[in-house]
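**Student:** the following block contains a protein sequence and its predicted model.
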Amino acid sequence: MSRAPRSPRPRRGGRWRALSLCLAAAVAGALAQAPATALAGDSAPSPAGCPSGLAGKATCYTGRDTNGAYYTIAIPEHWNKKLVVHAHGGPDLGDGSDPERSTGDLERWQVMVDQGYAWAGSSYRRGGYGTRMAATDTENLRRLFTEEFGRPQRTY
């Protein structure tokens, strides 16, 4: 009895690639619906101390956009010209933006900077459930990064 040849086993990375593409499409869709507003903040990004694990490996910046969202940016010394724009979960409670949120997120995700990626994260302008607002604040930060530091080859 002859059997039909088995189809080759799917590559292990194929599922992750598909999941990544779906996630990227969802974020892109949210950003496309969210009108970007005020790009620059009260001031341009200011140099700031990096988390201890990045000391001497990266230059860090903090700032606040005109919508009131605090943000943190880290650019590694040997930047691979790729940017990770971090969108934290939520909701945070409170009426205002928490300046420590994006700095704490960088500390938790500094592995990205260790691997050569620039990193930018917003604490959003206020807490609560506001996905369009959060998407707008995230897009504003991406644009601010591009204006201040140049266009990355790829943004995640």
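**Tutor:** It's in.

**Student:** please count neighbours and contacts with C-alpha atoms only from this point.
**Tutor:** Fine.

**Student:** all strands for this protein, in order.
**Tutor:** Using DSSP state E, the strands of the chain run over 46-48, 58-64, 70-76, 82-86, 118-122, 154-155.

**Student:** contacts for the third one, please.
**Tutor:** Around strand 70-76, the neighbours that count as contacts under C-alpha atoms under 8 Å, 6 or more residues apart in numbering are 50, 57-65, 97-99, 102-103, 106, 113-114, 116-125, 141.

**Student:** kindly state the beta-bridge partners for the residue nearest to Cys60 when sequence neighbours are not counted.
**Tutor:** With sequence-adjacent residues excluded and distances taken as C-alpha to C-alpha, 6 or more residues apart in numbering, Cys60 is closest to Ala74, at 4.3 Å. Beta-bridge pairing of Ala74 under DSSP bridges involves Cys60, Trp119.

**Student:** pLDDT score assigned to Tyr124?
**Tutor:** Among the per-residue scores, Tyr124 holds a pLDDT of 84.

**Student:** can you tell me the closest non-neighbouring residue to it?
**Tutor:** Take Tyr124 and drop its neighbours on the chain: the residue closest to it by C-alpha to C-alpha, 6+ apart is Ala69, 4.6 Å away.
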